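Peer 1: Everything below, folded, please.
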Amino acid sequence: MQERLQKIIARAGIASRRHAEDLIQSGLVTVNGQIVTELGSKADESTDHIKVSGKLLRPEQNRDRIYLILNKPPDVVSTLSDPEGRRSLHELLHAVPQRVFPVGRLEYHAMGLVFLTNDGDLANRMLKAHRLRQTYLMKLKSLLTFAEIEQLSRSTGARISRVRGKESPWYEVTLTDARRDALRNRLFQTGHPVEKIKRIRLGSLELGGLQPGEHRTLSPEEVSSLSRAIDGELLPASSPAARPRELKRPFSKRKAFARPGAGARHESRDNRQHVSAGRPVRPGQPGQRKKARHSRPSAEKSMGKSS
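Peer 2: As a prediction, this is how the structure comes out:
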């Protein structure tokens, strides 16, 4: 079956789908000996001879999936190679049996959790989940006031709290990847530039006690939890699964008004007052008393005239 080349390359674990598109446009992908540069090109991995950067893509590469998290030290690029010759993640992955690639980005000077895999489908879904929450430890140049924290939270949607037990201005910040640069820019503009940053949580993944430069394989439960978290962020806002509570309210209202005798609650105010006083109430009694009270002055006047 023919599929788009970037999808085949991503599924084979060579690169993410976005990076696969760059490889195709750069002329590094060949199909049956012909260089392919158009993104809409298709091929059949079971019959076609596909090479990426001179290496043959084999269907058996799809069998074993690898999922890792790595504690990236500072001053390491979050790629497998660097044209400028800086340290890359490739130097920290000697014991990994298959080629994996990082999903997402982490700045050169930043440290902390990086997710790597050869599962192109999961990587592509993760890159599309722009609302996936991430948690960082940030060291600022100076302390924030309560008013500044509240203002930053409103403008960027970040959840900011001071880290206990640290005298220096360390803060735990949870936000989406799309708002991270906006928060750093606001902090710089308000005189609180970020001096250090460390990612400790990505979706459902946690860095834990992993030391800088070390990596570990995720358990099947962790992979399943990450996949559920990604699917939850990819749900549209109007999806029934995204608003389970709102769907129950109209049903509960209809059920309340459909019960026999529900209209008995709408009794008159006078009736409720008489019931609370412990006096029996007969239909029409409050109205009769009120009418008699208004008719009394006219009766007295008529008696006066007759006398």
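Peer 1: going forward, measure contacts between C-alpha atoms and count neighbours the same way
Peer 2: Noted.
Peer 1: I'd assumed Asn71 was in contact with Leu113.
Peer 2: Yes. Judged on CA atoms under 8 Å, Leu113 makes contact with Asn71 at a distance of 4.9 Å.
Peer 1: Looking only at neighbour counts, state which of those two leads.
Peer 2: Taking neighbours as other CA atoms under 10 Å, Leu113 and Asn71 compare with Leu113 leading, 28 against 24.
Peer 1: tell me the secondary structure for that one?
Peer 2: strand (DSSP: H, G, I helix; E, B strand; the rest coil).
Peer 1: Tell me who's in contact with it.
Peer 2: Going by CA atoms under 8 Å, 6 or more residues apart in numbering, Leu113 touches Ile69, Leu70, Asn71, Lys72, Lys198, Arg199, Ile200, Arg201, Leu202, Glu206, Leu207.
Peer 1: Helix, strand or coil: sort out Arg125 for me.
Peer 2: helix.
Peer 1: which one among the contacts of Leu113 gets closest to Gly232?
Peer 2: Using CA to CA, Leu202 is the member of the contacts of Leu113 that lies nearest Gly232, at 14.1 Å.
Peer 1: quick one: the closest one and Arg133 touch, right?
Peer 2: Yes. With contact defined as CA under 8 Å, Leu202 reaches Arg133; the gap is 6.5 Å.
Peer 1: tell me which element Glu222 is part of?
Peer 2: helix 220-234 (DSSP states H and E).
Peer 1: and what of Leu23?
Peer 2: Counting by DSSP H and E, Leu23 is found in helix 17-25.
Peer 1: neighbour-wise, which of the contacts of Leu113 leads?
Peer 2: Lys72 (28 neighbours).
Peer 1: Pretty sure that residue sits against Gly112.
Peer 2: Yes. Lys72 is within contact range of Gly112, at 5.0 Å (criterion: CA under 8 Å).
Peer 1: Identify the contacts common to these two.
Peer 2: Going by CA under 8 Å, 6+ apart, residues that sit against Lys72 and also against Gly112 are Pro212.
Peer 1: Can you give me the separation between Pro102 and Tyr67?
Peer 2: From Pro102 over to Tyr67 the distance is 10 Å, taken as CA to CA, to the nearest Å.
Peer 1: Check Gly27 too.
Peer 2: Taking CA to CA, one finds Gly27 at 29 Å from Tyr67.
Peer 1: do the same with Asp82
Peer 2: For Asp82 relative to Tyr67 (CA to CA), the value is 23 Å.
Peer 1: all strands of the stretch 1-150 of the chain, in order?
Peer 2: In the stretch 1-150 of the chain, the strands defined using DSSP state E, counting those that start in this stretch lie at 3-4, 29-31, 34-35, 42-43, 50-52, 55-56, 67-72, 101-103, 111-117, 133-140.
Peer 1: Mind putting those into JSON lines with mean pLDDT?
Peer 2: JSON lines is the format used below for the strands of the stretch 1-150 of the chain (pLDDT from 0 to 100):
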{"stretch": "strand 3-4", "mean pLDDT": "87"}
{"stretch": "strand 29-31", "mean pLDDT": "92"}
{"stretch": "strand 34-35", "mean pLDDT": "90"}
{"stretch": "strand 42-43", "mean pLDDT": "90"}
{"stretch": "strand 50-52", "mean pLDDT": "89"}
{"stretch": "strand 55-56", "mean pLDDT": "84"}
{"stretch": "strand 67-72", "mean pLDDT": "96"}
{"stretch": "strand 101-103", "mean pLDDT": "91"}
{"stretch": "strand 111-117", "mean pLDDT": "96"}
{"stretch": "strand 133-140", "mean pLDDT": "95"}
